[in-house]
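Student: only the shape, not the letters, is given here:
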């Protein structure tokens, strides 16, 4: 009888031990599963959507980034151009994609359509703040205030003085109502008290062409695009819109240096994912972009494009985007700017 009781007790102990081991093993597997999933990403090709036509600054940037990401992640990273409707078509396609890290967006994110569209369009098919998960900034570049040589000014101070003496007599080309070139001019007007007349074009290229031809007197354009005309003597550079001088034109002062210390228009490009993308994917991608921004060859490549390789954390990038939306929505409201 005693031996029987001992056997039963031993069997119960063994069963309890087996259950405990099984529970511990299951817990270990559960704990390891997320780590494994995090290590595995990505397991297939990634698509980067560019909401602009091929050949432009954003497209070139996306292709440089995609090549480096492919090398670093060991998976193919392809670029798909989906232009149209002030970047809305391409952006919407990403906002509505599965939040799995395999469909991303590279676009102008600060001082660009992404942060300007919320104040420009009443009914966007997505919520800019809620339907995207910011990953990281990628590059930044300044714009430059240029005038046709026939305009009798050689500094920004002289331009402002002339504009005040002749209100609305200086025609300024823009790439369209509510675009970066348009709002950069409006911000300058608000800062200085000068009054210009905006002439809107369907894109910056025709506006720049007419400024070079003397049909319009002034434009605020990307430094790299205006540079050949500046060097050729067809345009005169007065000031850079960013917080520091352009390495392409180191002798040209910033608008801040020219008397308006709070003025800053820096065109920044970045990467976004659909809202709901797991944080470990966002952080991994941000880490890879940080590696790219530190690569000397990539830095040189971007510098030749007139831009600077940069990076940021997802949280910091989200805060920048939110602040920029508030800034440009306010500028539009104060100046009655609407989509055409």
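Tutor: Looks like it arrived, so ask away. Note that the structure is a prediction, hence the values are computed from the model and not measured.
Student: could you give me the average pLDDT of the longest strand along the chain?
Tutor: Looking across the chain with DSSP state E, the single longest strand is strand 132-147. For strand 132-147, mean pLDDT rounds to 96.
Student: can you give me the helices in the protein?
Tutor: With helices called from DSSP state H, the chain shows them at 2-40, 57-73, 88-95, 113-120, 156-165, 180-192, 204-213, 223-231, 279-294, 296-304, 314-335.
Student: which parts of the longest strand of the chain are buried?
Tutor: 132-147 (16 or more other Cβ atoms under 10 Å). The C-beta positions use only the backbone N, C-alpha and C, and glycine is treated the same way.
Student: domains in the protein, by residue range?
Tutor: For the chain, automatic domain parsing gives the domain ranges 46-140+267-335, 143-240.
Student: hmm, back to that, ok, so of the buried residues of strand 132-147, who is nearest residue 67?
Tutor: Taking Cβ to Cβ as the measure, residue 67 lies nearest residue 138 of these, at 13.1 Å.
Student: isn't the closest one right next to residue 289, touching?
Tutor: Yes. Residue 138 sits in contact with residue 289 when judged by Cβ atoms under 8 Å, with a separation of 6.2 Å.
Student: name the residues contacting each of those two.
Tutor: Residues touching both residue 138 and residue 289 (Cβ atoms under 8 Å, 6 or more residues apart in numbering) are 65, 271, 311.
Student: next, count neighbours for the second one.
Tutor: By other Cβ atoms under 10 Å, the residues close to residue 271 number 28.
Student: check the last one too.
Tutor: By the criterion of other Cβ under 10 Å, residue 311 has 22 neighbours.
Student: just to revisit the earlier point, residue 262: which of the helices of the chain is closest?
Tutor: It's helix 180-192; of those, that one is closest to residue 262 (Cβ to Cβ) at 6.9 Å.
Student: that closest one versus helix 204-213: what angle between them?
Tutor: 60 degrees (axes from the mean of the first three to the mean of the last three Cα atoms, to 10 degrees).
Student: thinking again about what came up before, for residue 255, find the nearest of the domains of the chain.
Tutor: Here domain 143-240 is closest among those (Cβ to Cβ), at 4.7 Å.
Student: give me the distance from that closest one to the chain's centre.
Tutor: From the chain centre to the centre of domain 143-240 is a distance of 23 Å (Cα atoms, centre = their mean, to the nearest Å).
Student: start to end distance for it?
Tutor: Domain 143-240 has an end-to-end distance of 6 Å (criterion: Cα to Cα, to the nearest Å).
Student: list the contacts of residue 243.
Tutor: Residue 243 sits in contact with 254, 256, 264, 266, where contact means Cβ under 8 Å, 6+ apart.
Student: which one is the first one nearest to, not counting chain neighbours?
Tutor: This means residue 254. Among residues not flanking residue 254 along the chain, residue 240 sits closest, at 4.8 Å (Cβ to Cβ, 6 or more residues apart in numbering).
Student: if I look at the one you found, how far off is residue 324?
Tutor: In this structure, residue 240 and residue 324 are 19 Å apart, going by Cβ to Cβ, to the nearest Å.
Student: next one: residue 49
Tutor: Counting by Cβ to Cβ - residue 49 and residue 324 are separated by 21 Å.
Student: these two - which one has more neighbours?
Tutor: Using other Cβ under 10 Å, the more surrounded residue of residue 49 and residue 324 is residue 49, with 23 against 20.
Student: specify the beta-bridge partners of that one.
Tutor: Note on residue 49: beta-bridge partners by DSSP bridges are residue 80, residue 105.
Student: so it touches residue 105, yeah?
Tutor: Yes. Using Cβ under 8 Å, residue 49 makes contact with residue 105 at a distance of 5.2 Å.
Student: shared neighbours, the two?
Tutor: Common neighbours of residue 49 and residue 105 (Cβ under 8 Å, 6+ apart) are 90-91, 94.
Student: which of those residues ranks first by neighbour count?
Tutor: residue 91 leads the shared contacts of residue 49 and residue 105 on contacts (other Cβ under 10 Å) with 26 neighbours.
Student: roughly how far does the residue nearest to it when sequence neighbours are not counted sit from residue 170?
Tutor: Computed as Cβ to Cβ, 6+ apart, the closest residue to residue 91 that is not its neighbour in sequence is residue 51, at 5.3 Å. Distance from residue 51 to residue 170, counting by Cβ to Cβ: 32 Å.
Student: among the buried residues of strand 132-147, which two are most distant?
Tutor: 133 and 147 (41.3 Å).
Student: can you verify my assumption that residue 131 contacts residue 272?
Tutor: No. In this structure, residue 131 is not within contact of residue 272 by Cβ under 8 Å, at 9.5 Å.
Student: who has more neighbours, the two?
Tutor: residue 272 (28 against 18).
Student: tell me what the more buried one is bridged to.
Tutor: Here residue 272, judged by DSSP bridges, has bridge partners residue 105, residue 134.
Student: going forward can the numbers begin at 49, since that is how I track them
Tutor: Done: numbering now begins at 49, and the last item shifts to residue 320.
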